[in-house]
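Asks: Got a predicted structure here, sequence first:
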Amino acid sequence: MAQKLNFTKAALEAIKPTQKRQFFQDAREPELRLYVTKTGAKTYFAQLYVNGLTIRHPLGHFPALSIPMALSLIHI
């Protein structure tokens with residue numbers, strides 16, 4: 001299950017990798033998620049539900065993709 005977190009640049013930079021992949025959910029925009037691999041790579045993705053199925057669509061990597069840009073990609 002994803003941990004809820006207010007996505008700010010400082011908050012995302014502060015996330016440290018662990019031995020397992022971590023999932024985070026933006027507290028203000030529930031469709032925007034972030035996963036952090038054990039090597040420290042951080043990737044935004046949109047998690048949507050369509051006809052009872054969970055769909056995860058990768059959006060881009062943090063910090064190359066800003067939080068506002070990731071949000072705009074969800075609302076296209």
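Replies: Now that the structure is in, tell me what you want to look at. Numbers count the residues shown, from 1 in each chain.
Asks: most distant residue from the middle of this protein?
Replies: The centre of the chain is farthest from one residue, Asn51, which by C-alpha atoms, centre = their mean lies 22.2 Å away.
Asks: Show me where this protein has its strands.
Replies: Counting by DSSP state E, the chain has strands at residues 3-5, 22-26, 32-36, 42-50, 53-62.
Asks: biggest helix in the protein, by residue count?
Replies: helix 67-74 (DSSP state H).
Asks: Give me the distance between the most centrally placed residue in the chain and Asn51.
Replies: By C-alpha atoms, centre = their mean, the mean C-alpha position of the chain lies nearest to Leu34, the distance being 1.8 Å. Distance check for Leu34 against Asn51: by C-beta to C-beta, to the nearest Å, it reads 25 Å. In this view, the C-beta of every residue, glycine as well, is placed from N, C-alpha and C.
Asks: sorry, back to before: tell me which of the strands of the chain sits most buried.
Replies: Mean neighbour counts were compared across those using mean count of other C-beta atoms under 10 Å; the top stretch is strand 32-36, at a mean of 21.
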